[in-house]
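Asker: Predicted model, plus sequence, below.
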Amino acid sequence: MRVVTAVVAVFLLVPPAWAGHELTFYPSFYPQEITIRWVEPRAAAPLLVKNALHAYAGADPFPAGAPEKVRYAESLRGWVVLTFRRPAGDAAARCAAGTALVGALGARAPFVVHPWPVTPYHDDYVQQYDLAQRARERAAGTVPRVQAAGPLARALAGAGVPGADGAEAAVEEITLPSLLDGVETRMAGWHGPPWLKEGWFQAWLLQAPALPPATRRAADEAFRRRAEGAPLPPVERINLERRLVTLATAGCERVVLGYTLRREALDDDYSDGVENIAVDSQAGVASPIFLRTVKLKDFPWNGWLHVGVAGAPRAAWNPVAGFSDPAGRAVWAAVGDPALLLDPDNARFVPNRARLQSIEDGGDVPVDALVPAGGALKPAGPGVTARTKLVYRVLLSNFHDGQSMSVADVLYPYAFASRWGVGGTRDYDPEVERATAALRQALAAARLRRVDTELRDVGDVQIRYQVAHVEVYLKTAPDSRYAATLAPPWSPVPWQVLALMEQAVGRGLGAFSEREARRRGVPWLDLVREARTRAALAALAAELERRAWVPEALRGLVTTDEARRRWQALREFQRRTGHFLVTAGPYQLGRVTAESATLPVFRDFTYPLGVGSFDQFAFPLRAYVKAVERRGDRLDVQADVENVEKAGRSYKILREPFKPQPAGERTREPLTAHWTVVGPGDEVAAAGASRDVQGGRLVVDLAGRLRPGAYRVVLALALNGNLVNPEVKVLSYRAGD
């Protein structure tokens, strides 16, 4: 058996279905190359028809109806809201005005009617389902005079709703990307905040700007307790989230009328289309999970994937505070490789390159652990304590410039955050401060425990992988659901690229963020597309190579010889590619033009996540409650589930009775009953999730959980963790009988 430590191509036998085509196996994702094109919707339609685009991340290119070969992926686009300009009268009248407006629109409404900010595209919807239904029962009042634009204005005019003259309120769509602008973190390999996709959080962002001062103060306090407070027991946490959303919506200063869906076109042609697709329930096609699952039907391991994105790039391409527009996000989804990925079918994060192995009590921090402070990484020494210790397995690999990832690359982002995220110093960027606030508040120290070599067999070839075991010490005791996201030891960007950017910003060649660039009167730092900046960076890199320069924080971790090799490799990479965007992602940036960017796959056997690593996220299947029988203090749930039946390149989804899996068979996640018990006063009395299967039925055991009285049990089923647009059942339940 051979052990492979360099780039090797292994040729496999070609299956009969692909006879005549040469397939090359390599440990990366399916398409050999991705082309991302900046295309407006009208121009995307003919490209999809002739198979020149396989997917389009943007508005529906076929508003009048798509050809048969095109299918759609749906995701949450935003909310339609009625916002009163100068709230007058009482809350009941404003709420009633929203109900009346929806009634007047009727079937003309260009949105899904849903008068609650937490939607079926949020995985905490089942915990707020009864509140959403109660909002549907509001009485109708007088239709207000409103102002609107675009499709909303046309729909309102068609319904005879009074127009803009003397408008009392505005009807508008607030899109999810605009809501998360300035809130979502995509800095290097970190992504957050931990509750980014949760309904209560997005509801707060949606409603808070319209609240009057007194209500805003009370709601702010509830939000701080939820987001910054100590972990809460599930029932207390759910009740707090429900109270926060109820408080934010009670005055109806902004009335949610419904939500809109993003319908993104996919080429489903039998030969030239794509398959095995996972699409994020909120980000849609322009998400990392899409590029990690999609494959071409004709050439699953070779071939060229073409993705269209609405609008040309506007944001700078740098991995600290750039890639912030649709085009940039699509490029970074391929080139970057975050510590964790968002689960496409719920609000959780799933492991990618940094994998949490354990959560332990902290205690005394080892004296050789490194503490980030002022841009340095200093030994902790005696007397440093922590509340929590997290142990990660970090999957190392080579970078695109051929250099091997080291502990310096994994730990340097902590020093970067402590240097550029603290105000009152010359080395400061407000976007870095915002993006790293939770990390800096929680992180006490980090320590490399060891680096293991792991071997994996691929046919008759044995591949060697490096795995770092890193201890991260936190000052806080976080909620176990979010712990992995707070300060993962990871960045797909090598330390010398971060250091090059730091030196450039320090010398006035640019700024990491758009806001700071505008304030300083310098360019928004771009590693790829701005010729003058690239030339300045090339001169700076040559200087740093001559000096074999090592950042202060890495003086004990990187030798002079290692630094010189890193700078030489970076300069050679720039001479070869014309840019400085080196990462450890599954794709590397190739040719960039005014119309597109090409991204060749990173063919390197050190890349640890090979073909099929995320296939469990394709084909999101659903489960349904067929019947519920009460037996004493428990509920027995009879379920139907969906299964995929494949035939060649086609498939269909079948609904059939749930049967427990035979021993040895595995799914991504077992069938799960998510339940919430609501008592008097809309207080949640109990909540949980059950995977207990007895006699072919899911069991929800309520014994000892409830005081005597009348309750409502809100129930939804999830298969493989899929909580998108679930079927929800509400059952009456009396405890103590």
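Answerer: Perfect, thanks for sending it. Residues are numbered from 1 along each chain as shown.
Asker: where along the stretch 101-250 of the chain do the helices fall?
Answerer: Assigned by DSSP state H, counting those that start in this stretch, the stretch 101-250 of the chain shows helices spanning 125-136, 150-158, 176-180, 199-207, 213-228, 234-250.
Asker: among these, which is nearest A170?
Answerer: Ranking these by proximity to A170 (CB to CB) places helix 150-158 first, at 9.7 Å. (Each C-beta comes from the backbone N, C-alpha and C, glycine too.)
Asker: Most tightly packed of the helices of the stretch 101-250 of the chain?
Answerer: Greatest average neighbour count among the helices of the stretch 101-250 of the chain goes to helix 199-207 (a mean of 24), per mean count of other CB atoms under 10 Å.
Asker: what angle do it and helix 213-228 make?
Answerer: 150 degrees (axes from the mean of the first three to the mean of the last three CA atoms, to 10 degrees).
Asker: burial measure for the residue nearest to R622 when sequence neighbours are not counted, as a count.
Answerer: Of all residues not flanking R622 in the chain, E642 sits nearest, at 5.3 Å (CB to CB, 6 or more residues apart in numbering). Applying other CB atoms under 10 Å, we find 17 residues neighbouring E642.
Asker: Ok, L715 next?
Answerer: Neighbour count of L715, defined by other CB under 10 Å: 25.
Asker: P726 is in contact with that one, correct?
Answerer: No - L715 is beyond contact range of P726, at 9.6 Å (criterion: CB atoms under 8 Å).
Asker: any shared contact partners between these two?
Answerer: Listed contacts common to L715 and P726 are V126; contacts here mean CB atoms under 8 Å, 6 or more residues apart in numbering.
Asker: so the residue nearest to R622 is in which element?
Answerer: Element membership for E642 (DSSP states H and E) is strand 634-647.
Asker: how about V256, what does it touch?
Answerer: Counting by CB under 8 Å, 6+ apart, V256 touches W79, V80, V81, G98, H114, P115, W116, P117, L206, T249.
Asker: any idea how far it lies from Q207?
Answerer: Separation of V256 from Q207 (CB to CB, to the nearest Å) stands at 8 Å.
Asker: what residues are shared contacts of those two?
Answerer: P117, T249.
Asker: At which residues are the strands of the stretch 51-200 of the chain located?
Answerer: For the stretch 51-200 of the chain, applying DSSP state E, counting those that start in this stretch gives strands covering 55-57, 70-84, 112-113, 146-147, 169-175.
Asker: To A214, which of these lies closest?
Answerer: Taking CB to CB, strand 70-84 is the member of these nearest to A214, at 16.3 Å.
Asker: Could you spell out the sheet neighbours of the closest one, each with its direction?
Answerer: Applying DSSP bridges, strand 70-84 is found paired with strand 169-175 (antiparallel), strand 254-267 (antiparallel).
Asker: In PDB, could you pull the C-alpha coordinates for it?
Answerer: Extracted C-alpha coordinates of strand 70-84, given in PDB (Å, rounded to 0.1, in the frame of the first residue of the first chain):
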ATOM      1  CA  VAL A  70     -36.000  24.200 -15.200                       C
ATOM      2  CA  ARG A  71     -36.900  23.600 -11.600                       C
ATOM      3  CA  TYR A  72     -36.800  25.900  -8.600                       C
ATOM      4  CA  ALA A  73     -35.200  26.000  -5.200                       C
ATOM      5  CA  GLU A  74     -37.200  28.000  -2.700                       C
ATOM      6  CA  SER A  75     -35.900  29.900   0.300                       C
ATOM      7  CA  LEU A  76     -36.900  32.700   2.600                       C
ATOM      8  CA  ARG A  77     -36.400  36.100   0.900                       C
ATOM      9  CA  GLY A  78     -37.900  38.600   3.300                       C
ATOM     10  CA  TRP A  79     -41.000  40.100   5.000                       C
ATOM     11  CA  VAL A  80     -43.700  42.400   3.800                       C
ATOM     12  CA  VAL A  81     -44.500  44.900   6.500                       C
ATOM     13  CA  LEU A  82     -46.800  47.900   7.100                       C
ATOM     14  CA  THR A  83     -44.900  50.500   9.000                       C
ATOM     15  CA  PHE A  84     -46.800  53.500  10.500                       C
END
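Asker: Taking their axis directions, that strand and helix 150-158 sit at what angle?
Answerer: Strand 70-84 and helix 150-158 are oriented at 70 degrees to each other (the same axes, to 10 degrees).
Asker: Figure out how far strand 70-84 is from the centre of its chain.
Answerer: Averaging C-alpha positions (CA atoms, centre = their mean, to the nearest Å) puts strand 70-84 17 Å from its chain's average.
Asker: Stretch 215-222 now?
Answerer: The chain centre lies 27 Å from the centre of stretch 215-222; the measure is CA atoms, centre = their mean.
Asker: Likewise for stretch 64-71?
Answerer: Between the centre of stretch 64-71 and the centre of its chain there are 28 Å (CA atoms, centre = their mean).
Asker: Need the distance between the two termini of that stretch.
Answerer: Taking CA to CA, to the nearest Å as the measure, stretch 64-71 stretches 14 Å from start to finish.
Asker: What are the buried residues along that stretch?
Answerer: Within stretch 64-71, the residues that qualify as buried are A66, V70, counting by 16 or more other CB atoms under 10 Å.
Asker: who touches it?
Answerer: For stretch 64-71, contacts defined as CB under 8 Å, 6+ apart pick out L48, V49, D60, F62, Y72, A265, L266, D267, D268, D269, G273.
Asker: Let's see that with 7 Å instead.
Answerer: Residues from elsewhere that reach stretch 64-71 (CB atoms under 7 Å, 6 or more residues apart in numbering): L48, V49, F62, A265, L266, D267, D268, D269, G273.
Asker: just stretch 443-454 next, same as before
Answerer: For stretch 443-454, contacts defined as CB under 7 Å, 6+ apart pick out 365-366, 368-372, 380, 384, 386, 407, 411, 414, 464-475, 487, 489.
Asker: Out of those, name the ones that lie in helices.
Answerer: V407, L411, Y414 (DSSP state H).
Asker: Tabulate those residues (CSV), appending distance to Q32.
Answerer: Shown next, in CSV, are these (distance: CB to CB, whole Å):
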residue, distance to Q32
V407, 32
L411, 34
Y414, 36
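Asker: Nearest to L180 among the residues you listed?
Answerer: Y414 (24.9 Å).
Asker: partners of the residue nearest to that closest one when sequence neighbours are not counted in the sheet?
Answerer: Of all residues not flanking Y414 in the chain, P372 sits nearest, at 4.1 Å (CB to CB, 6+ apart). Judged by DSSP bridges, the bridge partners of P372 are L377.
Asker: in terms of contact, does P372 touch P413 like I think?
Answerer: No - in this structure P372 lies outside contact range of P413 using CB atoms under 7 Å: 9.1 Å.
Asker: that older thread, tell me the buried residues within the contacts of stretch 443-454.
Answerer: 365-366, 369-372, 380, 384, 386, 407, 411, 414, 465-475, 487, 489.
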